[in-house]
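In: fold the following.
(4 chains)
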Number of protein chains: 2
Amino acid sequence: MQPVTTSASLTTQVTDMLRAAVTSGEMRPGEHYSAIGLAEKLGVSRTPVREALQLLEKEGIVRIEKNRGVRVIQMSLDEIVQIFQIRIILEPPAAARGAEAATDEDLAHIQELHGKILEAAAAGDGTQTLQADKEFHLFLLSLAGNARLTALDRELRNLVLTRGLVTIPTSRSGQDLADDRRDIIDALLRRDSAAVAQAVREHVTRTAKLLITGVSSTTPGLSAEEYLRKIDQLARHCS
Amino acid sequence: MQPVTTSASLTTQVTDMLRAAVTSGEMRPGEHYSAIGLAEKLGVSRTPVREALQLLEKEGIVRIEKNRGVRVIQMSLDEIVQIFQIRIILEPPAAARGAEAATDEDLAHIQELHGKILEAAAAGDGTQTLQADKEFHLFLLSLAGNARLTALDRELRNLVLTRGLVTIPTSRSGQDLADDRRDIIDALLRRDSAAVAQAVREHVTRTAKLLITGVSSTTPGLSAEEYLRKIDQLARHCS
DNA sequence: TGGTCACCGGTTGCATGCTACTCATGAGGG
DNA sequence: CCCTCATGAGTAGCATGCAACCGGTGACCA
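Out: The predicted model follows:
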């Protein structure tokens, strides 16, 4: 039904391309880039690139250094912790509400999405698995009927991806995460919203811990302990 | 110690000015504006205005209509509810954690900020009251040590301001809100984090209800009931 | 009279020129 | 030998030119 999708504005396209370049690892954190260079590479003028970079800066993906160029932000462990602190607060209640509001078709669709995760995981396609996992969770959250919350969560997830791609898919941890999802689905099918909240909470917490230990292990001289402690520092105050 | 604060970029300044123009009511929701017109009015070229508008669009304050100009978004009651649903989930645990982490100086500063709210309220300066209230809450949240959460909350608050300026300051409700703040401070001084969470939760919930009934009363044929019900639809699932 | 279409004012979107700024390098002085 | 400072290469930031595009209005035709 789309009328050939009159191609979106260049600025928008460039934004997406650059974001993809970052999450795919093509543009590396800490590295320096110039708007003029990126413009040439993409075959457009500096203006849309510059505007795209400003938007990405607002997302927290890059930092613009006045008259110096742009730098992909090397997300610190501290910021990763902050993001997960937020996710651990937000996602459980949203998922629980989603469980209440879900129709039978929604539940069927969830199981379908779950199937796709398993397929991708079985095929050993890490990127695809991550993508499918994201869709699964975002669909669940969207059932709560709060579009802004869903969008917010999507952005938080994207941010982590810039650091997370490498570290997530170890086989052992992949199994744990799969078990978590199984728990979520079981609770969903029972329409036990409290159990859904609990399962989601554990799932996100586990993801956070995996990521943190992973990142800190590749950064010698950094103790994961301190950061692991912080993860549920906020969530435990949820009344 | 600041080296004369080399003035921020024009784009940034324009962004702030336009945002202020929206929240102050100078630019009205639903109204149509052109980048070229705004640029003339501000005495700058179209480029920084255009870039500022793109950033504001990302914040959700305006919508850019291709080749047509820009429109200040008329926030729907539904979106207001969504924003408060998020705030009611986020703020209580953050405030509670802040209560744990606060130093004695922090507590003193909080009381100072509280004093400023009372002053502004006594002087009958609505705008100033709102501003002081924002600072109070954001400072409390910042004590939790999660800068991203604080920034997020600031943005959510700004969004509501585009609709909220008019409706908040009725004398009766102002007193209720002041009482809430009193509760928050009492709990803070006792370092009773659970009570802080509870008090914040009630405060935000009350604010939401005031705003919703206010807005719906100025929009005839709209029942507030439906929206009021939704407010804590998510928060009640906080385990 | 009703409908279609061409035109036109107004706007954004992108490209590009120019200025001012930042940082690094290297020469010159102490 | 070290420190200082001038110079230059490279950059973002802003202004402006130009084309493509949208929507409305009025003329023209059936």
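
In: counting neighbours, what do you get for the closest residue to residue A:223 other than its chain neighbours?
Out: Setting aside the residues directly before and after it, residue A:223 is nearest to residue A:216 in space (C-beta to C-beta, 6 or more residues apart in numbering or on different chains), at 7.0 Å. C-betas here are computed from N, CA, C, even on glycine. Around residue A:216 there are 20 other residues, counting by other C-beta atoms under 10 Å in any protein chain shown.

In: now do the contacts for residue A:216.
Out: A:77, A:222, A:223, A:224, A:227 (C-beta atoms under 8 Å, 6 or more residues apart in numbering or on different chains).

In: which positions in the helix or strand where it lies come out as buried?
Out: Assigned by DSSP states H and E, residue A:216 falls within helix A:193-218. Across helix A:193-218, burial judged by 16 or more other C-beta atoms under 10 Å in any protein chain shown covers A:193, A:195-216.

In: now residue A:31. Nearest residue, chain neighbours left out?
Out: residue A:72 (5.7 Å).

In: pretty sure the one you found sits against residue A:38.
Out: No - counting by C-beta atoms under 8 Å, residue A:72 does not reach residue A:38; the two are 11.5 Å apart.

In: look at stretch A:57-73 and report the distance between its end residues.
Out: 9 Å (C-alpha to C-alpha, to the nearest Å).

In: how many residues are close by residue A:67?
Out: Counted with other C-beta under 10 Å, residue A:67 comes out at 5.

In: what's it sitting at in phi/psi?
Out: According to degrees, to the nearest 10, the main-chain angles of residue A:67 amount to phi 60, psi 20.

In: and the one 5 residues further on, by the same measure?
Out: Main-chain dihedrals, residue A:72, degrees, to the nearest 10: phi -70, psi 130.

In: contacting residues for it?
Out: A:22, A:27, A:28, A:29, A:30, A:31, A:33, A:61, A:62, A:162 are the contacts of residue A:72 under C-beta under 8 Å, 6+ apart.

In: which one of those is nearest to DNA strand D?
Out: Within the contacts of residue A:72, proximity to DNA strand D (C-beta to the nearest atom of the strand) peaks at residue A:33, which comes in at 6.9 Å.

In: surely the closest one meets residue A:27?
Out: Yes - Residue A:33 lies in contact with residue A:27 (C-beta under 8 Å); the separation is 6.6 Å.

In: any idea of the pLDDT on the residue nearest to the spatial centre of chain A?
Out: With the centre of chain A defined as its mean C-alpha position, the nearest residue by C-alpha atoms, centre = their mean is residue A:157, 1.7 Å away. What the model reports for residue A:157 is a pLDDT of 91.

In: now do the helix or strand bottoming out on mean pLDDT in chain A against helix A:193-218: the angle between them, please.
Out: Lowest on mean pLDDT, DSSP states H and E among the helices and strands of chain A sits helix A:171-189, with a mean of 82. Angle of helix A:171-189 versus helix A:193-218, following axes from the mean of the first three to the mean of the last three C-alpha atoms, to 10 degrees, is 170 degrees.

In: and the contacts of helix A:171-189?
Out: Outside helix A:171-189, the residues touching it (C-beta under 8 Å, 6+ apart) are A:95, A:99, A:102, A:107, A:110-111, A:114, A:117-118, A:121, A:129, A:133, A:136, A:140, A:168, A:193, A:195-196, A:198-200, A:202-203, A:206-207, A:210.

In: among these, which ones lie close to DNA strand C?
Out: Residues of the contacts of helix A:171-189 in contact with DNA strand C (C-beta under 7 Å from any atom of the strand): none.

In: can you narrow those residues to ones near chain B?
Out: The subset of those within reach of chain B, by C-beta under 8 Å from any C-beta of the partner chain, is A:193, A:198.

In: give the contact list for residue A:59.
Out: By C-beta under 8 Å, 6+ apart, the neighbours of residue A:59 are A:19, A:155, A:158, A:159.

In: any of those residues buried? List them.
Out: Buried among the contacts of residue A:59 by 16+ other C-beta under 10 Å: A:19, A:158, A:159.

In: spell out which residues make up each domain of chain A.
Out: Chain A breaks down into these domains under automatic domain parsing: A:10-72, A:77-237.

In: check residue A:60 and give its pLDDT.
Out: 90.

In: enumerate the residues of chain A near chain B.
Out: Checking chain A against chain B by C-beta under 8 Å from any C-beta, the hits are A:9, A:11, A:47, A:50-51, A:54-55, A:58, A:60, A:66, A:79, A:82-83, A:85-86, A:89-90, A:92-94, A:96-97, A:144, A:146-149, A:152, A:193-194, A:197-198, A:201, A:233-239.

In: among these, the buried ones, what's the ChimeraX command?
Out: A single ChimeraX command suffices to select whichever of the residues of chain A next to chain B are buried according to 16+ other C-beta under 10 Å:
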select /A:11,47,50,51,54,55,60,79,82,83,85,86,89,90,92,93,94,96,97,144,146,148,149,152,193,197,198,201,233,234,235,237,238
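
In: which of the residues of chain A next to chain B fall in helices?
Out: Counting by DSSP state H, the part of the residues of chain A next to chain B found in helices is A:11, A:47, A:50-51, A:54-55, A:58, A:79, A:82-83, A:85-86, A:89-90, A:92-94, A:96-97, A:147-149, A:152, A:193-194, A:197-198, A:201.

In: any weak-confidence spans in chain A?
Out: Applying pLDDT under 70 to chain A flags residues A:1-7, A:163-174, A:220, A:239.

In: residues contacting residue A:219?
Out: Contacts of residue A:219 (C-beta under 8 Å, 6+ apart): residue A:77.

In: could you measure from it over to chain B?
Out: Distance, residue A:219 to chain B, by C-beta to the nearest C-beta, to the nearest Å: 20 Å.

In: and what of residue A:129?
Out: Relative to chain B, and taking C-beta to the nearest C-beta, residue A:129 is found at 26 Å.

In: near DNA strand D, which residues of chain A?
Out: Counting by C-beta under 7 Å from any atom of the strand, the residues of chain A that sit close to DNA strand D are A:6, A:33-37, A:46-47, A:50, A:64-70.
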